[in-house]
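S.K.: Prediction below, plus the sequence it came from.
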Amino acid sequence: MSRLATYETEIVLPVRPKPDPRTGTLNIPKGSLSLDILRLALEKTARDHGGTVFSGPEAFYSDCEGRRHRALFSLHTADFARGIGINIAPDGRLTFAYDASPPEELAGKFNAQPEAAERICKEIAHNYAVIAVMRAQAKLGFRVGLSQANIHGRKAVLVTGVKP
Amino acid sequence: MKVIRALVDDEGNVQVDLAGFIGEECAPVEEEFRRYLAELGLSVRVRSLRKKDPRSLLSSLQPKEKGEHRAR
């Protein structure tokens, strides 16, 4: 018997970071599998874009006026240097925060590349899904392999689990 | 040999094909797979789910009309 399934996915982490009572920054619980996956997904995305991941008190993104906003993690890349803040909502949903609007004095003359930020967020979610699928297959006892695929010209990843 | 193929597209959606399972064995494996994904922070909404037994798989590979697979 064979079974075919199609899933729509959403990242909803089963952990809630707790604010440090002294500094106000969010503490990332250690040993959380989902936060481990998030960190790996961010690092993979950063590598692909030549960027850097920050966490804890160093994590922030900048708005169009140069003000910094704290986040649980942040990812800064060459094509979106203001950075993207990555947070976890109270219900566990992963949220992205960034400001792609141009500086006031350059409005209409400056392209802050909102597409770059959107693309990076999509890639983070994609990388998260790939790593989660790999780990779920491994937990089921399958030997896992990865290959690049293509669906109607769009990039995809095929995760194949094999159990003799 | 049992195989799970999961195709993750650029939106993070997943198409899963479980093959090589005996009888209804694949149903609990697919459910467990979904549960593990949720535990790992990937919440799943099933858009479609269908069974394919070897006979239907075979019939889907049969030519629908005479001459369809005629050698050139």
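M.R.: Arrived safely, thanks for sending.
S.K.: okay, CA-based contacts and neighbour counts for the rest of this
M.R.: OK.
S.K.: what sits up against stretch A:92-105?
M.R.: Contact partners of stretch A:92-105, identified using Cα atoms under 8 Å, 6 or more residues apart in numbering or on different chains, comprise A:10-16, A:61-65, A:82-89, A:108, A:110-114, A:117, A:121.
S.K.: and the residue nearest to residue B:38 when sequence neighbours are not counted, what does it touch?
M.R.: Nearest residue to residue B:38 in three dimensions, chain neighbours excluded: residue B:44, at 6.8 Å (Cα to Cα, 6 or more residues apart in numbering or on different chains). Counting by Cα under 8 Å, 6+ apart, residue B:44 makes contact with A:7, A:8, A:9, A:10, B:34, B:37, B:38.
S.K.: gap between residue A:59 and residue A:47?
M.R.: In this view, residue A:59 and residue A:47 are 17 Å apart by Cα to Cα, to the nearest Å.
S.K.: For the two, indicate the residue with more neighbours.
M.R.: Under the neighbour definition other Cα atoms under 10 Å in any protein chain shown, residue A:59 and residue A:47 were set side by side, and residue A:59 has more, 22 against 13.
S.K.: on that earlier part again, and the contacts of residue B:44, which of them are in helices?
M.R.: Under the assignment DSSP state H, these contribute B:34, B:37, B:38 to helices.
S.K.: quick one: which of the residues you listed is nearest to residue A:148?
M.R.: Taking Cα to Cα as the measure, residue A:148 lies nearest residue B:37 of these, at 20.9 Å.
S.K.: Check whether residue A:132 really touches residue B:39, as I assumed.
M.R.: No. If you go by Cα atoms under 8 Å, residue A:132 and residue B:39 don't touch, sitting 9.4 Å apart.
S.K.: And the pLDDT for the closest residue to residue A:29 other than its chain neighbours?
M.R.: For residue A:29, ignoring the flanking residues on the chain, the nearest one in space by Cα to Cα, 6+ apart is residue A:17 at 6.2 Å. If you check residue A:17, the pLDDT there is 76.
S.K.: What about residue A:17, how many residues nearby?
M.R.: Neighbour count for residue A:17, taken as other Cα under 10 Å: 18.
S.K.: Quick check: it vs residue A:46, distance?
M.R.: Counting by Cα to Cα, the gap from residue A:17 to residue A:46 is 22 Å.
S.K.: just residue B:11 next, same as before
M.R.: 18 Å.
S.K.: In terms of packing, which of those two has more residues around it?
M.R.: For residue B:11 and residue A:46, the more surrounded residue by other Cα under 10 Å is residue A:46, and the numbers stand at 20 against 17.
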